[in-house]
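In: show me the folded form of this:
(one chain, ligands or ions: 1)
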Amino acid sequence: MTQTRLHFIASKTESISMFAALEAAFEDEGLPIAVREVDEDRDIHEVSVYTDGDEDAVEARMKDVLDSLALSKPIGRETLPDIDWVARSLEGLKPVRAGRFFVHGAHDRRKRHSGELAIEIEAGLAFGTGHHGTTAGCLEVLEQVVRREHPRNALDLGTGSAVLAIAVAKLAHIRVLATDIDPIAVKVAADNARLNHVKALVETVTAPGFHHPIFARRAPFDLIVANILARPLMRLAPQMAAHIAWGGSIVLSGILDRQRDAVVAAYVGQQFRHVRTLHREGWVTIHLKR
Ligand SMILES: C[S@@+](CC[C@H](N)C(=O)[O-])C[C@H]1O[C@@H](n2cnc3c(N)ncnc32)[C@H](O)[C@@H]1O
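Out: Predicted coordinates for the structure are as follows:
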């Protein structure tokens, strides 16, 4: 699919506030946004929004966001060549260490250390190589929760590449239900579970939120991890409460720093109590218990 990059030049200060404002504006669509330093001495930065949809509509919303910050910038367009960018970017990915986990591609198998829990991810078309602050944050919190609480029945909602489901299965040796709204991600998740020798423990299912008969069979869970986004997570709070066992833990991410209080409030309203918030690269991972 052809992608378009819409971009403009800004100072560092402007680019920081624009990044946050654009991320909020395009949160629901999940459009990738990037800031890169062009020339540090002259304070030139470039802000880009990537879309494979209606670029006129995206440009109009970028202008609205610029207006709301009283900024006016000419917006340029670049049509990106038709390349499998996920596959291309994976080739150059460095492995990630989060807690005891070592998440790597096939090319870094030899870098595994003994004592580490290695997870091999060839994510391809699904999110979750471990590089994003939200995934790494979940891995770190999950390690602590599993060590302390010894869960026996886990759910990874919004599994993407299945990186988190694989992590829980490898660490706790328990069954994990791994669900995603996107059937392509579910196929990738199943392939990754097989690649990591936990296919017998990780069951993959396509489901939006909790809409699937499997939840009636598999709930209540004593551990739920969901790395989605703040708004869907807030909407899901009552159903999370309905599917978690008393004393169980939930680990939530995909939440920006400034959205943390609203998400915690939504879950406190469902009789969860806040245990810990981990901050990583502008994102938070929240651990709550019921
Ligand atoms: C940010 S990725 C997280 C992937 C992986 N769990 C990780 O932590 O790296 C979010 C995933 O959630 C899925 N998703 C978004 N909304 C969902 C929903 N309502 N129900 C199920 N999956 C959803 C997306 O398709 C995507 O694969």
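In: and the strands in the stretch 51-200 of the chain?
Out: With DSSP state E, counting those that start in this stretch as the criterion, the stretch 51-200 of the chain has strands at 76-80, 96-98, 101-104, 117-120, 153-157, 175-180.
In: what are the ranges of the helices in the stretch 51-200 of the chain?
Out: Under the criterion DSSP state H, counting those that start in this stretch, helices of the stretch 51-200 of the chain are mapped to 55-68, 85-91, 133-149, 163-172, 183-195.
In: quick check: buried residues in the one helix or strand Arg231 maps to?
Out: Secondary structure assigned from DSSP states H and E places Arg231 in helix 230-235. Within helix 230-235, the residues that count as buried by 16 or more other Cβ atoms under 10 Å are 230-234. For glycine as for every other residue, the C-beta is placed from the backbone atoms N, C-alpha and C.
In: what are the contacting residues of that helix?
Out: Contacts to helix 230-235, defined as Cβ atoms under 8 Å, 6 or more residues apart in numbering, come from residues 27-28, 209, 226, 252, 254-256, 259, 262-263, 266.
In: and the next element down the chain from it?
Out: Counting by DSSP H and E, what follows helix 230-235 is helix 237-243.
In: for that next one, packing partners?
Out: Counting by 3 or more Cβ pairs under 8 Å, 6 or more residues apart in numbering; DSSP states H and E, the packing neighbours recorded for helix 237-243 are strand 221-227, helix 260-268.
In: Leu171 and Ala118 touch, don't they?
Out: No. Here Leu171 lies out of contact with Ala118, judged by Cβ atoms under 8 Å, at a distance of 11.7 Å.
In: of the strands of the stretch 51-200 of the chain, which is nearest Ser11?
Out: Of all the strands of the stretch 51-200 of the chain, strand 76-80 sits nearest to Ser11, with 17.0 Å by Cβ to Cβ.
In: quick check: mean pLDDT across the closest one?
Out: Mean per-residue pLDDT for strand 76-80: 87.
In: just checking: what are the partner strands of it?
Out: strand 3-10 (antiparallel) (DSSP bridges).
In: next one: the partner strand to chain centre, how far?
Out: 23 Å (Cα atoms, centre = their mean, to the nearest Å).
In: rewinding a little: quick one: which of the strands of the stretch 51-200 of the chain is nearest Glu281?
Out: strand 96-98 (12.0 Å).
In: is the closest one anywhere near the ligand?
Out: No. Figure legend: strand 96-98 not in contact with the ligand (Cβ under 6 Å from any ligand atom); closest approach 10.8 Å.
In: what's the burial count for Ile119?
Out: 29 (other Cβ atoms under 10 Å).
In: wouldn't it be in contact with His104 here?
Out: Yes. The pair Ile119 / His104 is scored as a contact, 7.5 Å apart, by Cβ under 8 Å.
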